[in-house]
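Student: have a look at this prediction, sequence included:
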Amino acid sequence: MRSGDVWWVYQDVASPLNHGSWTNVVPANTGARLQIDLADPGAPRGTAIRLAITFAPGHWAGIAVASAPNYWGATPGEGFDLAGARTLVFSARGAAGGERVRIKAGVAGDQPFGDSASLPIDSGWLTLSADWREYRIATDGHDLSRVITPFMLIANDKHNPAGHLSIFLDDIRYEAAP
């Protein structure tokens, strides 16, 4: 990425600038249920992503955006070159407020054809409000020359004791330094 560039994971449901596939639900076979709507009309501008997650006690669930459907880097496949990106930016809100999520990227660095970053980008646990808020996560120090998982969201019952949550995401992007 060059100075001032923006690279979109999700801008709007119909945007030709979107990258990645919202197919990698994790973990498999835990009794968790994840519903995704890529065209929820509840965004300030255009559409947003709505995720509804339900998990069994003691479990967690999430979704990773991948460079190809269901791709985790075990075999050769497409990756994105995001070298030069300095910040992962997104807007989020909870349906009720108080929902807790963790955002990651570059999570498949342990795979032979995975992410080039040795450790993932990690927001730590975020507490969402019922109002839209923009979040910015620094990517400095991460090798982003090959990214196959540009965005991942996880939640668990420890941080969401009700065992379920509904959240909204929008304007997910990487920004280069100005």
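Tutor: Happy to help now that I have it.
Student: is it true that Leu38 touches Trp22?
Tutor: Yes - counting by CB atoms under 8 Å, Leu38 touches Trp22, with 6.5 Å between them. Bear in mind the C-beta positions are built from the backbone N, C-alpha and C, glycine included.
Student: joint contacts of those two?
Tutor: Both Leu38 and Trp22 are in contact with Ile49, where contact means CB atoms under 8 Å, 6 or more residues apart in numbering.
Student: name the residues that touch the helix or strand bottoming out on mean pLDDT in the chain?
Tutor: When the helices and strands of the chain are scored by mean pLDDT, DSSP states H and E, strand 33-40 comes last with a mean of 86. Contact with strand 33-40 is made by 10, 13, 22, 25, 47-55, 61-63, 168, as judged by CB under 8 Å, 6+ apart.
Student: now the buried members of these.
Tutor: 10, 13, 22, 25, 47-51, 53-55, 61-63, 168 (16 or more other CB atoms under 10 Å).
Student: give the contact list for the residue lying closest to Thr127 once chain neighbours are set aside.
Tutor: Computed as CB to CB, 6 or more residues apart in numbering, the closest residue to Thr127 that is not its neighbour in sequence is Arg100, at 5.4 Å. By CB under 8 Å, 6+ apart, the contact list for Arg100 reads Trp125, Leu126, Thr127, Leu128, Ala155, His159, Asn160.
Student: any chance you could map the strands in this structure?
Tutor: Along the chain, counting by DSSP state E, strands occupy 6-10, 21-26, 33-40, 48-54, 60-66, 85-94, 100-105, 121-127, 133-138, 151-156, 164-176.
Student: I appreciate the help and will end here.
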